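Asker: fold the following.
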Amino acid sequence: MARHFLMLGQSLHKVDLDHAKDLEEIRSRILQYAKENPEKPRILCKGWMHSMTNGEAKASMLDDLDVGGRPIYIDSKDIHSCWCNSAALKEMGVQDMEVPAGGTIERDADGNASGLLSEACVLLIVWPYLAKVTPLDEKMAALRTAIKAYHAVGCTGCIDMAMDENAWDAILALRSAEGLPLRVAAHWCIMPGDGEEHRLQQVERAIKLSQEFNNKTSPDLRIVGIKVICDGVIDACTAALAEPYTSNGHFEGPIWTPEMLDPVVKKAIEGGLQCALHAIGDQAVHNAVNVLEKYGNHGQRHRIEHLELTAPEDAKRLGQLGITASIQPVHSDPAILRAWPKLLGPERVKRAFAYSDFAEHGAPLAIGSDTPTAPYAPLPNLYVATTRKSARQPHVGDAPVNENFKLELTQAVAAATEGAAYSSFAEGRVGSLEVGKMADFCVVEMEWEGEELLKAKILGTWFEGNQVYSA
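Answerer: Coordinates of the predicted model:
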């Protein structure tokens with residue numbers, strides 16, 4: 001199960017800062033790209049982590065990298081923050097903007113925007129602006145890139161978790177022009193700003209689209225539900241926790257309070273939509289379970305995304321309520337969790353990524369990649385799920401994170417195939433090799449053992465019986 005269709009394609013064209021050691025290496029990569037691509041109107045980057053620059057992200061650290069003074073946008077690895085140079089801040093008009101609820105614009109002592117936008121400011125300022133200035137043909141090209149990348153790693157379908165007008169129009173245009181060799185079930189992303197009326201209007205839009213694009217009318221390109229990003233991420237101390245962060249005593253509330261969430265979830269469920277609630281911190285998870293218990297029922301297959309830190313009682317409630325645990329094992333890679341003991345303390349870390357706990361209490365599991373915030377290939381994802389060891393840096397020697405919560409290989413493979421299909425009511429067409437289902441499959445050279453998955457190789461991928469990738 002892949003994610004974020006258009007965003008993946010666009011990310012594959014960005015300057016990759018993954019594994020950069022420090023600010024000097026970040027600057028070097030951007031400087032080289034700027035010299036080699038003078039025709040690009042903007043310099044777009046990905047893969048930055050706060051720890052690479054000791055938590056600093058100032059526009060002044062980027063302003064001298066391009067002789068033409070082009071805007072520079074750097075996505076954080078989790079895409080919950082965007083680090084901008086002065087030209088980017090200026091073209092978006094950030095200086096005089098009101099800060100939307102749940103967002104942050106970092107400012108200096110004089111009140112000037114200093115370079116970093118986070119959470120709702122990324123959703124409501126950065127993404128819409130870049131969508132507006134990106135031509136349709138570039139978006140279609142990005143979709144083609146994403147499809148090619150998905151096929152190369154054995155993926156034939158995508159449950160998109162950030163669908164909006166921008167991506168939807170591009171997907172429809174591509175399908176109309178040349179077909180769409182990828183099955184897409186999409187959750188419409190509901191933005192938190194501008195009051196309850198605006199939020200409910202977004203839900204109405206999703207309901208209307210689902211009436212046109214659904215399992216009966218358009219089974220391979222459909223709107224299945226809504227997505228709500230209830231909190232941030234632990235690394236940036238923006239995930240909503242029940243207790244303050246151990247590292248700094250900071251207490252972060254959710255982006256979506258229960259009062260905001262209730263009417264949106266209620267309206268979506270009444271309109272026949274599935275709800276997908278991004279919840280990383282234990283408080284956000286608790287809020288998400290509560291609202292789905294209040295308005296949902298067992299057969300509607302609502303889902304909670306990420307579930308990175310959960311209280312034992314809420315882990316039990318997932319199964320009791322039939323809520324899908326939508327998990328991304330690549331986020332539990334030890335190589336990117338080195339700061340967690342400091343951020344959360346040694347006791348809370350013991351509840352991180354409690355996958356087998358969810359399964360043992362009866363929650364349906366669906367494994368996805370969360371690309372472009374993480375690598376999109378399924379095999380490394382399954383490796384981390386079944387070993388809790390690092391797929392990113394397997395030779396560094398990081399200790400497995402909560403090995404007691406690992407999944408068996410059969411469990412993990414089922415969650416990435418049948419589980420993903422079940423989560424979006426697609427199990428009648430895809431998710432397993434059975435007579436009458438679509439001939440979507442891949443051939444893998446591998447040993448059936450979790451420890452050997454990093455050596456596995458995709459030999460070929462078929463979509464509707466046609467080979468779309470060959471190694």
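
Asker: quick one: low-confidence ranges for the stretch 1-150 of the chain?
Answerer: For the stretch 1-150 of the chain, applying pLDDT under 70 flags the ranges 1-3.

Asker: would you map the strands across it?
Answerer: 15-16, 43-48, 72-76, 81-84, 103-107, 113-119 (DSSP state E, counting those that start in this stretch).

Asker: out of those strands, nearest to residue 371?
Answerer: Closest to residue 371 of these, according to CB to CB: strand 43-48, at 10.9 Å. Just so you know, the C-beta spots here come from the backbone N, C-alpha and C atoms, and that holds for glycine as well.

Asker: neighbouring strands of that closest one in the sheet, and parallel or not?
Answerer: strand 15-16 (parallel), strand 72-76 (parallel) (DSSP bridges).

Asker: give the buried residues for that strand.
Answerer: By neighbour count, with 16 or more other CB atoms under 10 Å as the criterion, the buried positions of strand 43-48 are 43-48.

Asker: neighbours around residue 179, how many?
Answerer: 8 (other CB atoms under 10 Å).

Asker: same check, this time on the one 10 residues further on
Answerer: Residue 189: 22 surrounding residues under other CB under 10 Å.

Asker: what's near enough to touch it?
Answerer: By CB atoms under 8 Å, 6 or more residues apart in numbering, the contact set of residue 189 is 123, 161-164, 226-227, 229.

Asker: can you do 6 Å?
Answerer: Applying CB atoms under 6 Å, 6 or more residues apart in numbering to residue 189 gives the contacts 162, 164, 227.

Asker: contacts only, for the first one.
Answerer: So the one you mean is residue 162. Contacts of residue 162 (CB under 6 Å, 6+ apart): 4, 189.

Asker: so it sits in a helix?
Answerer: No: assigned with DSSP: H, G, I helix; E, B strand; the rest coil, residue 162 falls outside any helix and is strand.

Asker: and it, how far from residue 58?
Answerer: 28 Å (CB to CB, to the nearest Å).

Asker: same check, this time on the second one
Answerer: Residue 164 is 30 Å from residue 58, where distance means CB to CB.

Asker: the more surrounded of these two?
Answerer: Set residue 164 next to residue 58 and count neighbours by other CB under 10 Å: residue 164 wins out with 21 against 18.

Asker: for the nearest residue to that one once chain neighbours are set aside, what are phi and psi?
Answerer: Counting by CB to CB, 6 or more residues apart in numbering, residue 189 is the residue found nearest to residue 164 once chain neighbours are left out, at 5.5 Å. When read as degrees, to the nearest 10, the backbone of residue 189 gives phi -80, psi 120.

Asker: residue 189 pairs with what?
Answerer: Applying DSSP bridges, one finds that residue 189 bridges with residue 227.

Asker: ok, then the element right after whichever strand or helix holds residue 225?
Answerer: Taking DSSP states H and E as the definition, one finds residue 225 inside strand 221-229. Downstream of strand 221-229, the next assigned helix or strand under DSSP H and E is helix 258-270.

Asker: the nearest residue to residue 300 once chain neighbours are set aside: what's it in contact with?
Answerer: In this structure, residue 300 finds its nearest non-sequential neighbour in residue 274, 6.4 Å apart by CB to CB, 6+ apart. Residues counted as contacts of residue 274 (CB under 6 Å, 6+ apart) are 224-225, 301-302.

Asker: want to throw the residues you listed into CSV with pLDDT?
Answerer: Shown next, in CSV, are the contacts of residue 274 (pLDDT from 0 to 100):
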residue, pLDDT
224, 99
225, 99
301, 98
302, 99
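
Asker: can you list those residues in CSV and add neighbour count and distance to residue 145?
Answerer: Shown next, in CSV, are these (neighbours: other CB atoms under 10 Å; distance: CB to CB, whole Å):
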residue, neighbour count, distance to residue 145
224, 26, 24
225, 29, 26
301, 19, 31
302, 29, 32
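
Asker: and the pLDDT for the nearest residue to residue 343 once chain neighbours are set aside?
Answerer: Of all residues not flanking residue 343 in the chain, residue 247 sits nearest, at 4.8 Å (CB to CB, 6+ apart). Residue 247 carries a pLDDT value of 93.

Asker: what's the burial count for residue 259?
Answerer: Residue 259: 8 neighbours (other CB under 10 Å).

Asker: gap between it and residue 293?
Answerer: 17 Å.

Asker: that older thread, can you put the contacts of residue 189 in a markdown table and add distance to residue 21?
Answerer: Below are those laid out as a markdown table (distance: CB to CB, whole Å):
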| residue | distance to residue 21 |
| --- | --- |
| 162 | 30 |
| 164 | 35 |
| 227 | 34 |
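
Asker: out of those, flag the one nearest to residue 376.
Answerer: Of the contacts of residue 189, the one sitting nearest to residue 376 (CB to CB) turns out to be residue 162, at 14.2 Å.

Asker: and the closest one, what's its pLDDT?
Answerer: 92.

Asker: now find how far off-centre stretch 51-66 is within its chain.
Answerer: 24 Å (CA atoms, centre = their mean, to the nearest Å).

Asker: which parts of that stretch are buried?
Answerer: Quick answer for stretch 51-66 (16+ other CB under 10 Å): 52-53, 57-59, 61-62, 65-66.

Asker: make JSON lines out of the residues you listed and add distance to residue 314.
Answerer: Formatted as JSON lines, the buried residues of stretch 51-66 follow (distance: CB to CB, whole Å):
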{"residue": "52", "distance to residue 314": "33"}
{"residue": "53", "distance to residue 314": "34"}
{"residue": "57", "distance to residue 314": "33"}
{"residue": "58", "distance to residue 314": "38"}
{"residue": "59", "distance to residue 314": "40"}
{"residue": "61", "distance to residue 314": "40"}
{"residue": "62", "distance to residue 314": "41"}
{"residue": "65", "distance to residue 314": "45"}
{"residue": "66", "distance to residue 314": "47"}
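
Asker: which residues in the stretch 251-400 of the chain form helices?
Answerer: Applying DSSP state H, counting those that start in this stretch to the stretch 251-400 of the chain gives helices spanning 258-270, 282-295, 312-321, 340-344, 346-349, 355-360, 378-387.

Asker: could you point out which of those sits nearest residue 33?
Answerer: For residue 33, the closest of these is helix 378-387, at 25.9 Å, according to CB to CB.

Asker: chain center to the closest one: distance?
Answerer: 17 Å.

Asker: got it, and stretch 308-328?
Answerer: So, by CA atoms, centre = their mean, the centroid of stretch 308-328 is 18 Å from its chain's centroid.

Asker: ok, residues contacting that stretch?
Answerer: Residues from elsewhere that reach stretch 308-328, judged by CB under 6 Å, 6+ apart: 280-282, 285-286, 289, 292-293, 298, 301-305, 307, 351-352, 354-355, 357-358, 361-368, 370, 423.

Asker: buried subset of those?
Answerer: For these, a burial check counting by 16+ other CB under 10 Å picks out 280-282, 285-286, 289, 292, 301-305, 307, 351-352, 354-355, 357-358, 361, 363-368, 370, 423.

Asker: kind regards, and thank you for your time.
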